[in-house]
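K.L.:
Got a predicted structure plus its sequence, pasted below:
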Amino acid sequence: MAGKLIIISGPSGAGKSTIVKHLKENTGFELEFSVSATSRPKRENETEGKEYYFLTIDVFKSQIEEKQFLEWEEVYPKQYYGTLKSEINRLSQSGKNIIFDVDAVGGTNIKRQYKDAAISFFIKPPSVEILEERLRNRATESEESLQKRLKKVRLEMTYARRYDHEIINDNLELTLNEVTKLVSDFLKS
Ligand code: ADP
Ligand code: 5GP
């Protein structure tokens, strides 16, 4: 595979999508987003095939059986997420670099498979309270979905040290500059 891999992970609300969007749109790096499959419901502002491929749980499980995933996780109870092998094959053919937004476990799995061809970032919120505030302000989750996300934060944070870089996303501009610099150096190496 000619391109390199950039893995962005961390708890829900940490700022992963914001960082991915910045790297894709404002840097000039040749990045293709790995569109994951998920069994969670589509949010109002999301488009099939752009943020995710939205599947029913039954279809998701049959694709697991058929070994169609590079990696998959039941990130929240009854909500599956995974990287399809077909997606990676499709993007690899373009020769571009691939950027992933995956959960704490998925990120370590992809890094283990691709080693030095991948750079991995764990994005941390300044505190769980601030994370909750950001998730509430984002206003995309039901109370139940929000609680599911908050319940997982402490466990997810224990994966941080397995990543190449741990970034505390306090001031957004500083975060974006820091990640951009590290990705730039990695792509040149
Ligand atoms: P994730 O993709 O990790 O779930 P998002 O990128 O959607 O997180 O960020 C969660 C919310 O917090 C969004 O509304 C985003 O605009 C906001 N946000 C991200 N980074 C910061 C920051 N450094 N300061 C304040 N708000 C932020
Ligand atoms: P959200 O529902 O907020 O879009 O994502 C919830 C969590 O699932 C996030 O931590 C996100 O990074 C993770 N996620 C998204 N796609 C994948 C994937 O393909 N694999 C894994 N392991 N996690 C994913």
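P.N.:
Yep, that arrived. Ligands and ions are numbered 1, 2, ... in the order given.
K.L.:
list the contacts for the residue nearest the centre of the chain?
P.N.:
What sits nearest the mean C-alpha location of the chain, by Cα atoms, centre = their mean, is Asp101, with 1.4 Å. Contacts for Asp101 (Cβ atoms under 8 Å, 6 or more residues apart in numbering) come out as 8-9, 16-17, 20, 33-34, 36. In short, each C-beta sits where N, CA and C put it, glycine included.
K.L.:
again, only using 6 Å
P.N.:
Counting by Cβ atoms under 6 Å, 6 or more residues apart in numbering, Asp101 makes contact with 8, 16, 20.
K.L.:
For it, give me the pLDDT.
P.N.:
What the model reports as pLDDT for Asp101 is 97.
K.L.:
phi, psi of it?
P.N.:
Phi and psi for Asp101, reported as degrees, to the nearest 10, are phi -120, psi 100.
K.L.:
Now do the same contact list for the spatially closest residue to it that is not a sequence neighbour.
P.N.:
Leaving aside its sequence neighbours, Asp101 sits nearest to Lys16 (Cβ to Cβ, 6 or more residues apart in numbering; 4.8 Å). Counting by Cβ under 6 Å, 6+ apart, Lys16 makes contact with 8, 10, 101, 123.
K.L.:
now do Asp103
P.N.:
So Asp103 contacts 73, 75 (Cβ under 6 Å, 6+ apart).
K.L.:
And for the closest residue to Leu135 other than its chain neighbours, the neighbour number?
P.N.:
Using Cβ to Cβ, 6+ apart and skipping the chain neighbours, the partner closest in space to Leu135 is Gly13 (3.9 Å). Gly13 has 26 neighbouring residues, counting by other Cβ atoms under 10 Å.
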